[in-house]
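In: Let's see this in three dimensions:
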Amino acid sequence: MLIEKLRKLPPKKRVLILPHDNPDPDAIASAWGLSYLLKKKLGLTSTIAYSGLIGRAENRALVRVLKIPLVQFDPDILENDPSIVMVDCQPYTGNNPLPFDIIPDGIIDLNDECQRSNNKTLVEYTFSLRSQRNEIYSLMAIS
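Out: Numbers count the residues shown, from 1 in each chain. Next up is the predicted model:
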């Protein structure tokens, strides 16, 4: 279950959620759902930070109408050493703001296996978004 896997994140007070660059509705909604679950189920504060643009009008409307709390990624956000969970992307692929010298604490993506570029050992908490996305929405509904 997703919540049990999230409980294994390092014991830090803040979680940084990183969707892919130029996030689309899938990445935005999944990041927001994860942020909600972290707060409701684990009492953790999170920040959703993206890089690039939210360019399409309907994507901007999604964020505006639902008041989704997104911030533009700034490397200074890493100074407080948050737990890092990537959503709808993987590290070291060039389509997200995570610096190449940082290993994320969790990855929620369509692929069951993560890229293993740069000879980095990735986290054990890699979740398949195919099943976890439905679990995020189900858990939100019962919270």
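In: all strands for the chain, in order.
Out: 14-19, 45-50, 70-72, 83-87, 106-109, 126-128 (DSSP state E).
In: Centre of the chain to the fourth one, how far?
Out: It stands for strand 83-87. 4 Å (C-alpha atoms, centre = their mean, to the nearest Å).
In: And the average pLDDT for that strand is what?
Out: Per-residue pLDDT values across strand 83-87 average out to 91.
In: What is the least confident helix or strand in this structure?
Out: In the chain, the helix or strand scored least confidently by mean pLDDT, DSSP states H and E is strand 126-128, which has a mean of 46.
In: about what we covered before: got TSV for the strands of the chain, with mean neighbour count and distance to Leu38 too?
Out: Heads up, the C-betas are built off the backbone N, CA and C, glycines and all. TSV is the format used below for the strands of the chain (neighbours: other C-beta atoms under 10 Å; distance: least, C-beta to C-beta, whole Å):
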stretch	mean neighbour count	distance to Leu38
strand 14-19	24	6
strand 45-50	20	5
strand 70-72	14	15
strand 83-87	25	8
strand 106-109	24	11
strand 126-128	17	14
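In: For the ones you listed, which has the smallest mean pLDDT value?
Out: The minimum mean pLDDT among those belongs to strand 126-128 (a mean of 46).
In: circling back: need the strands of the chain in TSV (columns: distance to Pro25).
Out: Converted to TSV, the strands of the chain look like this (distance: least, C-beta to C-beta, whole Å):
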stretch	distance to Pro25
strand 14-19	11
strand 45-50	13
strand 70-72	12
strand 83-87	12
strand 106-109	16
strand 126-128	20
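In: which one of the ones you listed lies closest to Leu98?
Out: Evaluated over the strands of the chain, closeness to Leu98 peaks at strand 14-19, with 5.8 Å, by C-beta to C-beta.
In: for the record, mean pLDDT for the longest helix along the chain?
Out: Of all the segments of type helix in the chain, defined by DSSP state H, the longest one is helix 25-42. Helix 25-42 shows a mean pLDDT of 92.
In: could you say what helices and strands that helix packs with?
Out: Helix 25-42 sits against helix 2-6, strand 14-19, strand 45-50, helix 57-66, strand 83-87, helix 129-142, with contacts defined as 3 or more C-beta pairs under 8 Å, 6 or more residues apart in numbering; DSSP states H and E.
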